[in-house]
Structure formats: structure tokens, C-alpha cells
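> Take a look and give me a structure for this.
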Amino acid sequence: MKQRIRTKRVYESPSPDDGVRILVDRIWPRGVSKTDAVLDFWIKDVAPSAELRKWFGHKPERWSEFRKRYVRELDRNPQAVAELRKLLKGGAITLLYAAQDMERNNAEALRRYLAARRQHKARQLH
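Got it, this is the predicted structure:
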């Protein structure tokens, strides 16, 4: 099955299989002008809170705990998550982020969250 939720650094060139491109950072990325950014949506409300982002500080040893805390924030923010789910129903989406770490960032945590919730929902239907 083709992956419907991808992550990509906002600095990378878009590709045809990106689908809907969504910036999921709360702060606009450095070095990218709003006119040059190739994105369809900027959903700030789905990004981690400023407090959580600062606490995480992109320290690898905090990744596991960051994901747990971020999931709690997402669970308390159903409107922003619903906006992403609605876009996902239309096809592939790419969650854009500015962080340098391609494995441990909020977009990757969000991708895992959305994928896990989709699988859980699919199991409930069967």
C-alpha cells in the first residue's frame, strides 16, 4: 500500500507524489519566504505547544517523552487533528517541518499519531 502520509523538510523541493503539502510548525521556517514556500496549508494549531517545543529542544534523549506529551496535546486538540484527517481523506498528504533531524521531529511524531489512529479506527470497523 502506498504511504498516504509523508514527512519532508520544508526546504526540500516539492515532488508530484507529495499530494497536499501542509506546514505543521507553529513558527514560520527561517530562510523561506511566504511567497516562495510551496505549500497548500499552514496548520499552526496542530504543532506542539511552545512550551513542549522548547522543552524538547530536539534532544534525541527526549524523543520518546516528547512523543508521549505531544500525543496528549493532540488528543486535547481534536479540531486541528480533524482538519488534517479531512485533508487525508482527499488523498496523500505531506507534513512539512523545518527541523534538521529527519527522524525526530514534530511532523514525524504527527505522522505516527495519524497513522496509528487510522489503523485503530479501521480495526473498530471490522
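> how close does the residue nearest the centre of the chain sit to residue 35?
Centroid-nearest residue in the chain: residue 107, 3.1 Å away (criterion: CA atoms, centre = their mean). Separation of residue 107 from residue 35 (CB to CB, to the nearest Å) stands at 22 Å. To be clear about C-beta, it is placed using only N, CA and C from the backbone, and glycine gets the same treatment.
> Repeat that for residue 61.
Taken as CB to CB, the span from residue 61 to residue 35 is 38 Å.
> Just checking, which helix or strand of this structure averages the lowest pLDDT?
helix 106-125 (a mean of 76; mean pLDDT, DSSP states H and E).
> The nearest residue to residue 63 once chain neighbours are set aside: how many residues sit nearby?
In space, and not counting its chain neighbours, residue 63 is closest to residue 104: 4.5 Å by CB to CB, 6 or more residues apart in numbering. Residues within reach of residue 104, counting by other CB atoms under 10 Å, total 18.
> And the helices in the protein?
Assigned by DSSP state H, the helices in the chain fall at 50-56, 63-75, 78-89, 106-125.
> of those, which approaches residue 8 most closely?
Of all the helices of the chain, it is helix 106-125 that lies closest to residue 8, at 8.0 Å by CB to CB.
> From residue 35, how far out is residue 62?
Following CB to CB, the distance that separates residue 62 from residue 35 is 35 Å.
> higher neighbour count, those two?
Neighbours per residue (other CB under 10 Å) separate residue 62 from residue 35, with residue 62 holding more: 14 against 5.
> Local confidence estimate at the more buried one?
Reported pLDDT at residue 62 in the predicted model: 98.
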